[in-house]
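>>> Fold the following.
(chains A and B)
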Amino acid sequence: GNSVTQMEGPVTLSEEAFLTINCTYTATGYPSLFWYVQYPGEGLQLLLKATKADDKGSNKGFEATYRKETTSFHLEKGSVQVSDSAVYFCALGKDSSYKLIFGSGTRLLVRP
Amino acid sequence: EAGVTQFPSHSVIEKGQTVTLRCDPISGHDNLYWYRRVMGKEIKFLLHFVKESKQDESGMPNNRFLAERTGGTYSTLKVQPAELEDSGVYFCASSKPLGLAGGGTGELFFGEGSRLTVL
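Okay, the predicted model is just below:
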């Protein structure tokens, strides 16, 4: 069946460090891929998405490229800030995007 | 524009009791969804409403869970009787209808979640 695997956290970085959160997926066909973020005390927010192979989603300095050959959608940011501390969820959507399949989430803690 | 709001933010109950969670979607969003995250694991789909109709309830774990959306506005999710394994965070999301008429892009807007602790 369809599934998403992402690296376990927590990930602790110093401010301005480079961030990578790995995400791989298993799915038939051509799913859409998403990264959601949950900041403390807030709801889940869509961070970025990609709908087909080789697409790159980007937002707020974060990027992820849809790699069909490696079934991956790794999240990257060149220089993290304290305000990026949050839980990040990788997800895929098949057929209709409402029925998202999420990974288990990765908590990121950025220290000043 | 107000976002998706959920109530309560945290509920602590004993096994066997009943809890009702409420979700107010963004105004004008016909689609409403419930998801839950149990024990820090992945977030899983529970069900989908279009207005007041249940479109897909394939993710509902068992008949102790009852979701309603009378009038097509807010929704409630009742757990009766609650069990220990029901503890987790219950997320509600909403979206506009897809297509030119609906103006939706398929993006789901999530609430903060209601944390349920069953002792």
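
>>> Give me the contacts around stretch B:3-21.
A:43, B:22-26, B:76-84, B:90-94, B:109-119 (Cβ atoms under 8 Å, 6 or more residues apart in numbering or on different chains). No exception for glycine: its C-beta is placed from N, CA and C like everyone else's.

>>> Quick check: mean pLDDT of that stretch?
Mean pLDDT, taken over the full extent of stretch B:3-21, equals 96.

>>> For chain A, which residues are neighbours of chain B?
Neighbours of chain B within chain A, by Cβ under 8 Å from any Cβ of the partner chain: A:4, A:36, A:41-46, A:89, A:91, A:93, A:96-105.

>>> Which ones among the residues you listed map onto strands?
Counting by DSSP state E, the residues of chain A next to chain B place A:Val4, A:Tyr36, A:Leu44, A:Gln45, A:Leu46, A:Phe89, A:Ala91, A:Gly93, A:Leu100, A:Ile101, A:Phe102 in strands.

>>> In terms of position in space, what residue lies nearest the middle of chain A?
With distances taken as Cα atoms, centre = their mean, A:Trp35 lies nearest the centre of chain A, 3.5 Å away.

>>> Spatially nearest residue to that one (excluding sequence neighbours)?
The shortest distance from A:Trp35 to any non-neighbouring residue, by Cβ to Cβ, 6 or more residues apart in numbering or on different chains, is to A:Leu47 (4.4 Å).

>>> and A:Ala17, what does it touch?
Going by Cβ under 8 Å, 6+ apart, the list of residues near A:Ala17 reads A:Ser79, A:Val80, A:Val110.

>>> Mind checking which of those are buried?
Of all those considered here, the ones buried according to neighbour count by 16 or more other Cβ atoms under 10 Å in any protein chain shown are A:Val80, A:Val110.

>>> picking up where we left off before, could the ones in strands among the residues of chain A next to chain B be laid out in JSON lines, adding neighbour count and pLDDT?
Below are these laid out as JSON lines (neighbours: other Cβ atoms under 10 Å in any protein chain shown; pLDDT from 0 to 100):
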{"residue": "A:Val4", "neighbour count": "23", "pLDDT": "95"}
{"residue": "A:Tyr36", "neighbour count": "24", "pLDDT": "95"}
{"residue": "A:Leu44", "neighbour count": "27", "pLDDT": "88"}
{"residue": "A:Gln45", "neighbour count": "16", "pLDDT": "90"}
{"residue": "A:Leu46", "neighbour count": "17", "pLDDT": "91"}
{"residue": "A:Phe89", "neighbour count": "25", "pLDDT": "95"}
{"residue": "A:Ala91", "neighbour count": "26", "pLDDT": "93"}
{"residue": "A:Gly93", "neighbour count": "20", "pLDDT": "87"}
{"residue": "A:Leu100", "neighbour count": "24", "pLDDT": "89"}
{"residue": "A:Ile101", "neighbour count": "22", "pLDDT": "90"}
{"residue": "A:Phe102", "neighbour count": "23", "pLDDT": "92"}
